[in-house]
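Visitor: just need the structure, nothing else, for what follows:
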Amino acid sequence: MTRHHLGLFGTFARSRFASVGCIFAAMLALLPARLDARVVRIVIDSRQTLGGGKAFGDAGAYERIAGRVFYAFDPANPYDRQIVDLSLAPRNAAGEVEASGEIIILRPVDAAKASGLTLVDVTNRGGQTTFVFHLGARRDLAPDTAEYYGDGFLMQRGVTIVAVGWQWDVPAGGTALHFTPPPVGDSAHPVSGLVRSDLTVDTATKMMSLGHTVNAARAIGYPVADPGDVSNVLTVRDSPTGERQIVPRAAWRFARLESDGTVIDDPRSIYMAEGFQAGRIYEAVYRATGAVVVGTGMAAVRDVMAYLKYDPASPAPTKYGIAYGVSQTGRFLRHFLYQGFNIDEKGRQAFDGMFAHTAGAGRGSFNHRFAQPSRDAQPYNTFFYPTDVFPFSSVEESDTETGAKGALIWHPNTLTFMPKVFYVDGGYEYWGRAASLTHTTVDGKADLPFTANERRYVIASAQHSSPAAFPPSANSRDQNAPTYRGSVLDQRLALRALFAALSDWVMRGTQPPASAYPRLATSELVKATAVTFPTVAGFTAARIPVQPFRIDLGPRWKDGVIEVEPARLGNPYTVLVPRVDDFGNDAAGIRSIELRVPLATYTGWHLRLGMAAGSDRLMSFTGTFMPFARTEQERAERKDSRPSIEKLYPTKDVFLAQVDAECQVLVSSRFLLAGDVATARQRMADTWDWVMKQ
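Guide: Got it, this is the predicted structure:
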């Protein structure tokens, strides 16, 4: 097998242990290529002991290993054939296709103290995500400090954490993990195709990136093949399903605006001198070049896990593996299962468990030609990408409107070695990620089950992925109502308990808690217009959830090639949302301590209040925190239908006594760890103090 050294894509911190890493890397380079897990080799660039050797409980000191992984894929292997366009990629002398990416490993210094469980962090747009399990993490510090990992929840349990770069369109530089896939075709056989980029402009601007914008950092877009191609069209509209109006070609160009005001030709950006208007939806469809084999990123995640499980010479050998993905990478894991990626090239199971967090009903752009992995489906942005696409449920379902039949768990590879899976969502995913479709028929008329190897948990009223900061800042308060932008309901405590349950299920066969989510049979799912929210002066309730449509991407979509952009829309699917209780909190699922002894209404959604357009639509990923009135007089002044705090709890001591009792109920239900009871109690005491001072 041809092995060559690909360049370092990121800069890793060096320490006094770097020389050890260099020696180990040199030894690895001298070894013959190992073919058993399709990881050809790992080059270690740095090796650091965390916090000067601070012990994380019985697991002792941890070390952080940073390096690069080199992969090879065989287009003829039956477990690689689902990778779209792999057969069109350049091959090495052995007839294999090569790729490389970055990796970070956190493992006990003393391998004998490791638990035998590895958690693979499927990085979200290059960023590590397992910090959601760690309370008090100090991300402003260096990653070789112990404080960076907060209470080190996973390390205290002896878990090895492996973060894997898999995504091609992550911008270069920074701390993100990168992945370099093989190209599709070569200079003698170029491949082009239609690509679509959309942008909702909430603030006027003169430049639009062709890559998806996430957290103010641009994802890499595909470059236009020929700026003069008549296929290149820019349109504008005023609502997601509104009529598109063509922007005259003379009004825009493929270029970018520099900070000094100069305009430079750029195949990955669009510049318009008159500017993109706030409140409008712009959409570019263009013929692109530069296709890469995007699906090798999914195979890379598979192969890292297989390498650690089956090669005792790996840097962190393990017995069990769980994949964790949140939001984008939660959808990645659903896609991973759907396309049968959980078996390596030797026919062995990769992951034993999966924790798909806040994925809703989605999959994503992870394995087709000109796929843009950063694209998703948001309430008022990134519309009609292949994200919320049939089938949605684990068991077979039918769409009587299109005649389609299918199931998320259908692929022979998945059926052969089905991992134990937790699907964990919050209230937001029902409003913003069409989560009801994972367990109802597409017409919303009947409940659907899950397989025996799956559990579904919904953290009631939680916003997307992680809580808002507590206490809320003054500038997060809405002008016309006693509401705050961002829900402070702390779902992390439930997530920690669920991770413990999943790891026990994987490692010891201990059955986890029964699934907890809203069902039609118990009248816990309703149409959005039927939700009875409390009435409070100035408060406007959400009524329009994100609506997925049946989409037609052309006849070759079944082969992973899009030929119709924008997609032709069919009728929408039926989306349902959770019923709420008298306080306005979701009535079903895991009801955290905030809902069991409430001081506020928590919603998974927040409206686009004050924005240039779509004020009746949802903000992306954001919830609402609406404290109760403190007194009956204040309640009357607010015209608040909810009871006041003084009516619910005569004193703080009475309130905390109820908190103590309900925490024990959560512990017995295994939705709160006994070790987290004090944290939950303190959070509620702090909430009382903050609310009563406002």
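
Visitor: can you tell me how far residue 510 sits from residue 269?
Guide: 53 Å (C-beta to C-beta, to the nearest Å). Where C-beta positions appear, they are placed from N, C-alpha and C, glycine not excepted.

Visitor: sorry, that was for residue 448
Guide: In this view, residue 448 and residue 269 are 44 Å apart by C-beta to C-beta.

Visitor: what do you get for residue 113?
Guide: The value you get for residue 113 to residue 269, if C-beta to C-beta is used, is 50 Å.

Visitor: in terms of neighbours, single out the busier of the two.
Guide: Using other C-beta atoms under 10 Å, the more surrounded residue of residue 113 and residue 269 is residue 269, with 23 against 17.

Visitor: so how many other residues sit close to the nearest residue to residue 110 once chain neighbours are set aside?
Guide: Nearest residue to residue 110 in three dimensions, chain neighbours excluded: residue 60, at 5.3 Å (C-beta to C-beta, 6 or more residues apart in numbering). Neighbourhood size, residue 60 [other C-beta under 10 Å]: 17.

Visitor: who are the contact partners of residue 60?
Guide: Each residue near residue 60 by C-beta atoms under 8 Å, 6 or more residues apart in numbering is listed here: 108-110, 113.

Visitor: which among the residues you listed end up buried?
Guide: 108, 113 (16 or more other C-beta atoms under 10 Å).

Visitor: in strands, which of the contacts of residue 60 fall?
Guide: Among the contacts of residue 60, the members falling in strands (DSSP state E) are residue 108.

Visitor: using JSON lines, lay out the contacts of residue 60 together with pLDDT and distance to residue 388.
Guide: JSON lines is the format used below for these (pLDDT from 0 to 100; distance: C-beta to C-beta, whole Å):
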{"residue": "108", "pLDDT": "98", "distance to residue 388": "40"}
{"residue": "109", "pLDDT": "98", "distance to residue 388": "44"}
{"residue": "110", "pLDDT": "98", "distance to residue 388": "46"}
{"residue": "113", "pLDDT": "98", "distance to residue 388": "43"}
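
Visitor: the contacts of residue 60: which two are farthest apart?
Guide: For these, the farthest-apart pair by C-beta to C-beta is 109 and 113; their separation is 8.1 Å.

Visitor: residue 615: what's it in contact with?
Guide: 607-609.

Visitor: show the pLDDT at the spatially most central residue of the chain.
Guide: For the chain, the residue nearest the mean C-alpha position is residue 327 (1.9 Å; C-alpha atoms, centre = their mean). According to the prediction, residue 327 has pLDDT 98.

Visitor: gap between it and residue 643?
Guide: For residue 327, the distance to residue 643 - C-beta to C-beta - is 35 Å.

Visitor: so residue 97 makes contact with residue 182?
Guide: Yes: if you go by C-beta atoms under 8 Å, residue 97 and residue 182 touch, sitting 5.0 Å apart.

Visitor: quick one: common contacting residues for these two?
Guide: With C-beta under 8 Å, 6+ apart as the test, residue 97 and residue 182 both reach 89-90, 293, 296.

Visitor: which of those residues sits closest to residue 471?
Guide: Closest approach to residue 471 among these (C-beta to C-beta): residue 296, at 45.0 Å.

Visitor: low-confidence stretches in the protein?
Guide: 1-37, 214-217 (pLDDT under 70).

Visitor: that one: helices as residue ranges?
Guide: For the chain, helices defined by DSSP state H occupy the ranges 18-30, 153-156, 296-310, 328-338, 412-416, 427-432, 492-508, 593-596, 632-638, 645-648, 652-669, 677-693.

Visitor: picking up where we left off before, mind listing what the residue nearest to the centre of the chain touches?
Guide: Taking C-beta under 8 Å, 6+ apart, we find residue 327 in contact with 124, 357-359, 376, 464-465, 621.

Visitor: 7 Å - rerun?
Guide: Taking C-beta atoms under 7 Å, 6 or more residues apart in numbering, we find residue 327 in contact with 124, 358, 464-465.

Visitor: with adjacent residues omitted, what lies nearest to residue 426?
Guide: residue 462 (3.0 Å).

Visitor: and what of residue 362?
Guide: residue 331 (4.2 Å).

Visitor: what sits against the one you found?
Guide: Here residue 331 is in contact with 359, 362-364 (C-beta under 7 Å, 6+ apart).
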